[in-house]
Structure formats: structure tokens, C-alpha cells
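Engineer: Could you work out the structure for the sequence below:
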Amino acid sequence: MKFGIFLAASLLMVTPAMALTVDEAEAVVTVVEQLAAETGEGMVADAAEIFFDYDALSGNLIPAAGFDRASWVVAYDAVASGYMAVIPQDQFDAIFEEPLAMLEGSALPDDQKAMMREHVEGLIAEAQATRQQGAVHAGTVRPLEGRLHALFFGEFGE
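Structural biologist: Just a heads-up that it's a prediction; the model follows:
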């Protein structure tokens, strides 16, 4: 499901005061593109540490790009939240329409549907909050929007 890119948005630790540079954003996207090609896994909101750990076992691309663990997590999270902020609201909302429609059309009892709907609505609210936090980085990541879209929506291997 495409809405999976936003499920852990509440774990995103964006530092609003951090001024993400264009060079840092470009470096994050370039490294993630290389790691995504190796792993087959795209970019998700809370995966900075996972990418760092994988890279430490494989190629050390992240340190070569000038990041230590802490600076990587901050920059990655800023890029991820900035990209989420760049997505137009109608497109953001559309990401969740299909899963919610599937839930409503399921044969689950109404009480289970209500519990699941409440959970998904909470995740949507968390993703929306991450979008708002990422607004400060939107201008920096906007030039990378096409590449980020491919990484977030699994189109990086095409």
C-alpha cells in the first residue's frame, strides 16, 4: 500500500531549526538511490537508521558523503519530511483513499472497522504533522521532487 510511506511519520525527529542545505539534500537522495538499488527498498519516513546500519555493512557511502550517524538521521529526516510537505494536499489525501475504501468494503465487523479506521486516521494525522514540520525544508527538496517520488513510491528500479 502506498500509504505505508507515511505510517511511521510520528517517529520522525525533524529539527525545525536545522537548515538543510541543497548539497545535503542532494547527498541524501544520491546515497538513498544507491542503497535502494542494492536493497530493493525505497525511502520511508523513519528509515534513516536502517539505511545507516545497512550502509555500514556494505559500502560506507554515508560517511563518504560527509555524514556521521547523527547528522545523517537529521538530514534524512529533513529530506523525508520536506518531500512529504511538497506533495500537494489532494495527492496526499488520495494516498489514503484506497486503503480506507478497502477497509470500508471489507467483511470485518463494524466494531473492528471502527478500530482500524481510528488507527489509520491517527496515522494520517501524524503524517500531516510531519508534512507541517517539513514545510521548512520543502523549498530545499523541491528540485529533487521527481527523484524523491521514485524513492518513496518504489519506482527507483524502473
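Engineer: Lowest-scoring secondary structure element of the protein by mean pLDDT?
Structural biologist: Sorted by mean pLDDT, DSSP states H and E, the helices and strands of the chain end with helix 89-105, the least confident at a mean of 91.
Engineer: quick one: it to chain centroid distance?
Structural biologist: Chain-centre distance of helix 89-105: 17 Å, with CA atoms, centre = their mean, to the nearest Å.
Engineer: same thing with stretch 141-155?
Structural biologist: For stretch 141-155, the distance to the chain centre is 10 Å (CA atoms, centre = their mean).
Engineer: again, but for stretch 98-112
Structural biologist: 25 Å.
Engineer: still on that earlier bit, please save the CA atoms from the least confident helix or strand of the chain in PDB.
Structural biologist: Extracted as PDB, the C-alpha positions of helix 89-105 are listed here (Å, rounded to 0.1, in the frame of the first residue of the first chain):
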ATOM      1  CA  GLN A  89      -2.700  18.200  -0.300                       C
ATOM      2  CA  ASP A  90      -5.100  16.500  -2.800                       C
ATOM      3  CA  GLN A  91      -2.400  14.000  -3.700                       C
ATOM      4  CA  PHE A  92      -1.600  13.400  -0.100                       C
ATOM      5  CA  ASP A  93      -5.200  12.700   0.700                       C
ATOM      6  CA  ALA A  94      -5.500  10.400  -2.300                       C
ATOM      7  CA  ILE A  95      -2.700   8.100  -0.900                       C
ATOM      8  CA  PHE A  96      -5.100   7.100   1.900                       C
ATOM      9  CA  GLU A  97      -8.300   6.900  -0.100                       C
ATOM     10  CA  GLU A  98      -7.800   3.300  -1.400                       C
ATOM     11  CA  PRO A  99      -6.800   1.700   1.900                       C
ATOM     12  CA  LEU A 100      -9.800   3.400   3.600                       C
ATOM     13  CA  ALA A 101     -12.100   2.300   0.800                       C
ATOM     14  CA  MET A 102     -10.800  -1.200   1.100                       C
ATOM     15  CA  LEU A 103     -11.400  -1.100   4.900                       C
ATOM     16  CA  GLU A 104     -15.000   0.100   4.400                       C
ATOM     17  CA  GLY A 105     -15.700  -2.600   1.800                       C
END
